[in-house]
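**Student:** no sequence on this one, just coordinates:
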């Protein structure tokens, strides 16, 4: 039994005992019909209530002490409950007749005593059945939650597997050109590329990282783009130190910079500028829009992949704003 079940059992035990002992109060009327068979005795009433409460809680404990009970075990507990009812009824009746003054006829006393314990067992059994049903419902909810979590984790892994090969292909294409032109620069390129992949492989358990961590990684990616475009590419960040504790999904910024470089014309006469800043609990990634007339083939992963991860981890979608001269992606933040 968990804490809430124990509380339910204690309250139910006391209420059942109090309900079945309530006819005793009818004996308070001296000229009433009930007063002809027994006299009101407060000590006897208190004993009866607490004894009956203890009996009910004992039945609860026997049947609910384990969370997972097989059908055979439930049948065995039912037989134990019946035997315990008979034993407790006889023991309590003998004790009550011996230590409290009673004027009832013997037959009336025992029939009333047995009826009270039978009803206590019946009411207790109904509550036990309700608790069994609640346990099954909770178990199904846990299983559904575990299945949902497993599904989301599998979906996230699939998205990450799509992301990394796509980035690797683009990076290797750039690296092959740099190796032919400047082998020394290629080593510098590989150094930053290794930092990016080390960050990509060090996935946090909850798949969320701080903006500060993402910015540290994105500086390495910025160097890769600068080696590719030289002075034609600029990255500007304007984020207060206190705001860098906001969290976003792991590997959020790199695909956005990659998309900006992929879908826009970049040259010294038409430089590409990407700005990263915060506005109204959103992280904004903005670039000047200068779309190329014949864009390279796209796998369709990009923003759809990122939006899927935000839906899973943040329960919010990203927002995209496109104007004649700019392209902005708004990313919801989480403390």
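**Tutor:** Great, that's in hand. Worth saying up front: this structure is predicted, and the values here are computed from it rather than measured. Numbers count the residues shown, from 1 in each chain.
**Student:** what about the helices in the stretch 151-300 of the chain?
**Tutor:** Assigned by DSSP state H, counting those that start in this stretch, the stretch 151-300 of the chain shows helices spanning 183-201, 211-229, 253-263.
**Student:** export the ones you listed to JSON lines and tack on mean neighbour count and distance to residue 17?
**Tutor:** The C-beta positions use only the backbone N, C-alpha and C, and glycine is treated the same way. JSON lines is the format used below for the helices of the stretch 151-300 of the chain (neighbours: other Cβ atoms under 10 Å; distance: least, Cβ to Cβ, whole Å):
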{"stretch": "helix 183-201", "mean neighbour count": "15", "distance to residue 17": "63"}
{"stretch": "helix 211-229", "mean neighbour count": "19", "distance to residue 17": "60"}
{"stretch": "helix 253-263", "mean neighbour count": "20", "distance to residue 17": "65"}
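**Student:** In TSV: the ones you listed, plus mean pLDDT.
**Tutor:** TSV is the format used below for the helices of the stretch 151-300 of the chain (pLDDT from 0 to 100):
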stretch	mean pLDDT
helix 183-201	84
helix 211-229	89
helix 253-263	87
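**Student:** Out of those, which gets nearest to residue 55?
**Tutor:** Comparison of these against residue 55 by Cβ to Cβ identifies helix 211-229 as nearest, at 60.5 Å.
**Student:** Indicate which one of the helices of the stretch 151-300 of the chain is closest to residue 23.
**Tutor:** Of these, nearest to residue 23 by Cβ to Cβ is helix 211-229, at 70.0 Å.
**Student:** Now do the closest one: everything it contacts.
**Tutor:** With contact meaning Cβ atoms under 8 Å, 6 or more residues apart in numbering, helix 211-229 is reached by 171, 174, 178, 185, 188-189, 192-193, 195-196, 199, 233, 235, 237, 239, 243-248, 251-254, 257-258, 261, 266, 272, 276, 283, 333.
**Student:** still on that earlier bit, closest to residue 12 out of the helices of the stretch 151-300 of the chain?
**Tutor:** helix 211-229 (51.9 Å).
**Student:** how distant is that closest one from the center of its chain?
**Tutor:** 34 Å (Cα atoms, centre = their mean, to the nearest Å).
**Student:** again, but for stretch 132-142
**Tutor:** 16 Å.
**Student:** Other residues contacting it?
**Tutor:** Against stretch 132-142 from outside (Cβ under 8 Å, 6+ apart): residue 67.
**Student:** Of all the residues in that stretch, which ones are buried?
**Tutor:** Applying a neighbour-count criterion of 16 or more other Cβ atoms under 10 Å, one finds residue 135 buried in stretch 132-142.
**Student:** Now render the helices of the stretch 151-300 of the chain as TSV, adding distance to residue 316.
**Tutor:** Formatted as TSV, those follow (distance: least, Cβ to Cβ, whole Å):
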stretch	distance to residue 316
helix 183-201	23
helix 211-229	16
helix 253-263	16
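**Student:** just so I know, which of those lies nearest residue 289?
**Tutor:** helix 253-263 (8.9 Å).
**Student:** ok, back up a step: for residue 51, which of the helices of the stretch 151-300 of the chain is the nearest?
**Tutor:** helix 211-229 (63.9 Å).
**Student:** now the angle between helix 183-201 and that closest one, please.
**Tutor:** 150 degrees (axes from the mean of the first three to the mean of the last three Cα atoms, to 10 degrees).
**Student:** domains in the chain, as residue ranges please.
**Tutor:** Domain assignment for the chain by automatic domain parsing gives 3-143, 182-332.
**Student:** Mean pLDDT lowest where, among those?
**Tutor:** Within the domains of the chain, confidence is poorest for domain 3-143, with a mean of 79 (mean pLDDT).
**Student:** quick one, strands of the stretch 201-335 of the chain?
**Tutor:** 208-210, 233-238, 247-249, 272-279, 282-288, 319-322, 326-332 (DSSP state E, counting those that start in this stretch).
**Student:** possible to save those as CSV with distance to residue 50 and mean neighbour count?
**Tutor:** Formatted as CSV, the strands of the stretch 201-335 of the chain follow (distance: least, Cβ to Cβ, whole Å; neighbours: other Cβ atoms under 10 Å):
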stretch, distance to residue 50, mean neighbour count
strand 208-210, 53, 17
strand 233-238, 71, 16
strand 247-249, 54, 22
strand 272-279, 63, 17
strand 282-288, 62, 20
strand 319-322, 64, 12
strand 326-332, 57, 19
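**Student:** how about the ones you listed in CSV, adding distance to residue 307?
**Tutor:** Shown next, in CSV, are those (distance: least, Cβ to Cβ, whole Å):
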stretch, distance to residue 307
strand 208-210, 16
strand 233-238, 22
strand 247-249, 10
strand 272-279, 18
strand 282-288, 13
strand 319-322, 9
strand 326-332, 10
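**Student:** For residue 74, find the nearest of these.
**Tutor:** strand 208-210 (44.1 Å).
**Student:** by contact count, what packs against that closest one?
**Tutor:** strand 247-249 (3 or more Cβ pairs under 8 Å, 6 or more residues apart in numbering; DSSP states H and E).
**Student:** what does the strand it packs on contact?
**Tutor:** 207-211, 214, 283, 306, 309-310, 313-314, 331, 333-335.
**Student:** among those residues, which two are most distant?
**Tutor:** Between any two of those (Cβ to Cβ), the greatest distance is 20.3 Å, for 306 and 335.
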